[in-house]
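> I'll drop the sequence and a predicted model, then ask my questions.
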Amino acid sequence: MQVKVFESSDMASGLKMVKDELGPDALILSTKTIRSGKLGLLGKNRFEITAAVDSVWPDQTNSNMSPQNKITERDMLLGTDLDGPDEPLPTYNSAMQLNELSKKSRQSRQPDNEPSIESSVNQPDLQSEVDELKGMIKNLGREMLRINNSRPIVGLDSEPEKSSTDDSYLQSLQQRLLDYGISDDTATTISGFAKESLTLDQVSDPFKQQEFIEDTLCELMHVCPDIFKEKRRQHRVALVGPTGVGKTTTLAKIAASYLSKHSSSIGFITIDTYRIAAVEQLKVYGGIMNIPVEVVLNPEQLEQALLKLRDKDLVLIDTAGRSPQDSLCIEELVTFFNPELEIEKHLVLSATTRETELFEAIQRFSILGIDNAIITKIDECTSLGLLLDIQIREKIPYSYITNGQRVPEDIMEADKNLLTQIIMSPGKGLPYE
């Protein structure tokens with residue numbers, strides 16, 4: 001009996017390797033999926049297949065066995081009834097007995113013109129030998145199935161059987177994700193990760209489920225928590241987004257947060273000339289924090305305002321809200337952001353926006369070259385699974401999240417653990433408040 005382990009990038013090529021090297025009658029003893037990367041989420045699948053074959057089994061083209069006596073690999077694996085009802089059969093556990101099995105195989109399959117020494121002395125009935133051989137192989141298949149029952153045993157032409165117990169626990173995990181407000185597609189994807197990464201004991205343990213979900217959500221989050229970490233002559237940040245998401249208030253919160261951590265100077269610029277109230281609101285914030293405010297109407301005036309504020313360490317730019325349906329206004333905004341000006345664009349989105357409208361806004365504003373996203377009004381939502389869905393579909397890093405109207409208190413730098421806890425604690429407020 002020859003046993004060999006094969007490794008391949010996919011199951012199909014692995015099974016082909018087994019067939020090519022051991023022949024079509026190879027016995028698959030076990031299969032195993034190997035994943036790389038943290039939690040096995042970011043790595044590629046590798047498949048390990050352990051197979052066995054009688055090393056001296058002759059090619060089937062030279063076999064004297066009739067088609068009805070041919071033993072298939074599936075029969076050996078599953079113990080299919082070959083000639084009638086099962087009869088009690090002995091077990092074969094020792095190497096001596098397996099050698100005897102191989103010896104009998106050679107004797108029963110030897111060509112007629114080259115009789116063995118034993119057959120020349122005593123000619124046993126060939127059919128009787130074949131029957132006994134089939135019984136031995138059938139019993140060996142049962143023993144292998146029992147030994148490897150921790151993993152499904154598959155043949156070259158069959159698929160692994162799914163465990164209904166596995167599926168029930170995976171459904172429980174998926175339902176938990178749905179309860180967090182995560183979309184069906186994302187929940188299904190994460191359940192697939194669990195099926196490949198967790199054992200049955202782990203996936204059936206509620207605490208292990210919770211731990212897996214927390215680790216997975218944390219790993220899938222993209223954040224840019226300190227947008228001012230990189231040393232520059234001047235940081236320039238513009239807030240863009242739909243109407244009513246709180247851009248002006250968020251701008252003031254960022255300024256106040258920045259001043260509390262850095263002994264630096266700030267300048268405000270507003271392109272929002274559609275709403276007089278927005279300009280006045282920004283001027284009020286500027287007066288409170290001693291920040292100069294420049295109002296611009298066109299791209300040329302923006303360049304002049306930046307020149308006027310060239311001595312400031314940070315320039316924050318407010319823009320008018322644009323409807324995602326108004327492509328013309330969004331395209332007009334593109335003309336302000338000359339790449340040579342090196343302005344970071346942060347897309348401000350409200351957590352209260354419906355899913356379809358939110359992703360439409362992301363799509364429409366993407367022509368600006370969005371660098372990061374800011375999520376506002378999370379205090380007004382009871383379910384925030386959408387925070388993860390944005391990451392899965394768009395992979396835009398979060399820079400800030402806001403949870404109220406107070407300036408400067410209600411803003412936080414994005415943090416993977418914080419965002420994960422927010423998603424997993426629907427309706428309970430911020431865990432770090």
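Yep, it's here. Residues are numbered from 1 along each chain as shown.

> the strands in the protein, which residues?
All strands of the chain, identified by DSSP state E, fall at 2-8, 27-34, 46-53, 235-240, 266-270, 293-295, 314-318, 344-350, 372-376, 398-402, 411-413.

> tabulate those (a markdown table), appending mean neighbour count, distance to residue 337 and mean pLDDT.
Every C-beta, even on glycine, is put in place using the N, C-alpha and C of the backbone. What follows is the strands of the chain, written out as a markdown table (neighbours: other Cβ atoms under 10 Å; distance: least, Cβ to Cβ, whole Å; pLDDT from 0 to 100):
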| stretch | mean neighbour count | distance to residue 337 | mean pLDDT |
| --- | --- | --- | --- |
| strand 2-8 | 14 | 49 | 82 |
| strand 27-34 | 18 | 46 | 73 |
| strand 46-53 | 18 | 45 | 79 |
| strand 235-240 | 22 | 7 | 93 |
| strand 266-270 | 24 | 12 | 93 |
| strand 293-295 | 18 | 16 | 93 |
| strand 314-318 | 24 | 9 | 94 |
| strand 344-350 | 23 | 7 | 94 |
| strand 372-376 | 25 | 14 | 93 |
| strand 398-402 | 25 | 17 | 91 |
| strand 411-413 | 19 | 24 | 88 |
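
> any chance of those in CSV, plus distance to residue 391?
As requested, these are exported to CSV (distance: least, Cβ to Cβ, whole Å):
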stretch, distance to residue 391
strand 2-8, 32
strand 27-34, 25
strand 46-53, 26
strand 235-240, 19
strand 266-270, 30
strand 293-295, 34
strand 314-318, 25
strand 344-350, 13
strand 372-376, 9
strand 398-402, 8
strand 411-413, 16
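
> residues touching residue 281, list them.
By Cβ atoms under 8 Å, 6 or more residues apart in numbering, the residues touching residue 281 are 248-249.

> at 6 Å instead, please
residue 248 (Cβ atoms under 6 Å, 6 or more residues apart in numbering).

> give me the pLDDT for it.
What the model reports as pLDDT for residue 281 is 84.

> same thing with the one 3 residues further on?
Model confidence at residue 284, expressed as pLDDT, equals 89.

> with residue 260 instead?
83.

> which residue is the nearest non-sequential neighbour of residue 183?
residue 389 (5.0 Å; Cβ to Cβ, 6 or more residues apart in numbering).

> so that neighbour touches residue 185, yeah?
No: when contacts are counted by Cβ atoms under 6 Å, residue 389 is not listed as touching residue 185 (8.2 Å).

> between those two, which is the more surrounded one?
Neighbours per residue (other Cβ atoms under 10 Å) separate residue 389 from residue 185, with residue 389 holding more: 19 against 11.

> ok, now how distant is the more buried one from residue 315?
Residue 389 sits 32 Å away from residue 315, going by Cβ to Cβ, to the nearest Å.

> any figure for the gap between the residue nearest to residue 220 when sequence neighbours are not counted and residue 47?
Closest residue in space to residue 220, ignoring its immediate chain neighbours: residue 391 at 5.7 Å, by Cβ to Cβ, 6+ apart. As judged by Cβ to Cβ, residue 391 and residue 47 stand 29 Å apart.

> repeat for residue 388
From residue 388 over to residue 47 (counting by Cβ to Cβ), the distance is 29 Å.

> same deal with residue 311?
62 Å.

> please apply the same query to residue 239.
Distance, residue 239 to residue 47, using Cβ to Cβ: 48 Å.

> so what's the residue count around the closest residue to residue 385 other than its chain neighbours?
Leaving aside its sequence neighbours, residue 385 sits nearest to residue 181 (Cβ to Cβ, 6+ apart; 3.0 Å). Counted with other Cβ under 10 Å, residues neighbouring residue 181 total 19.

> give me the below-cutoff pLDDT ranges for the stretch 201-350 of the chain.
225, 229-231, 273-276, 323-326 (pLDDT under 70).

> do a quick rundown of the helices in it.
206-220, 247-261, 276-289, 299-308, 327-334 (DSSP state H, counting those that start in this stretch).

> ok, residues contacting the first one?
Residues outside helix 206-220 that contact it (Cβ under 6 Å, 6+ apart): 39, 173, 190, 194, 202, 388, 391, 416, 420.

> quick check on these: which are buried?
Neighbour-count burial (16 or more other Cβ atoms under 10 Å) applied to those gives 39, 173, 190, 194, 388, 391, 416, 420.

> want to throw those residues into CSV with pLDDT and distance to residue 405?
Listed next are the buried ones among the contacts of helix 206-220 as CSV, based on pLDDT from 0 to 100; distance: Cβ to Cβ, whole Å:
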residue, pLDDT, distance to residue 405
39, 50, 38
173, 86, 37
190, 88, 34
194, 85, 39
388, 90, 26
391, 88, 26
416, 91, 26
420, 91, 25
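
> from those, which two are the most distant?
Distances among the buried ones among the contacts of helix 206-220 were taken as Cβ to Cβ; the most separated pair is 173 and 416, at 20.6 Å.

> for residue 153, report the pLDDT, please.
pLDDT recorded at residue 153 is 42.

> actually residue 178, not the one I wrote
92.

> likewise the one 4 residues further on?
Residue 182 is assigned 90 on the pLDDT scale.

> next: the one 4 residues further on.
Note for residue 186: predicted pLDDT of 90.

> I figured it hits residue 390, correct?
No: counting by Cβ under 6 Å, residue 186 does not reach residue 390; the two are 10.1 Å apart.

> of the helices of the stretch 201-350 of the chain, which stretch is the most buried?
Of all the helices of the stretch 201-350 of the chain, helix 247-261 has the most neighbours on average by mean count of other Cβ atoms under 10 Å, namely a mean of 20.

> list the helices and strands that one packs on?
helix 276-289, strand 314-318 (3 or more Cβ pairs under 6 Å, 6 or more residues apart in numbering; DSSP states H and E).

> redo that, cut-off 8 Å
strand 235-240, strand 266-270, helix 276-289, strand 314-318, strand 398-402, strand 411-413 (3 or more Cβ pairs under 8 Å, 6 or more residues apart in numbering; DSSP states H and E).
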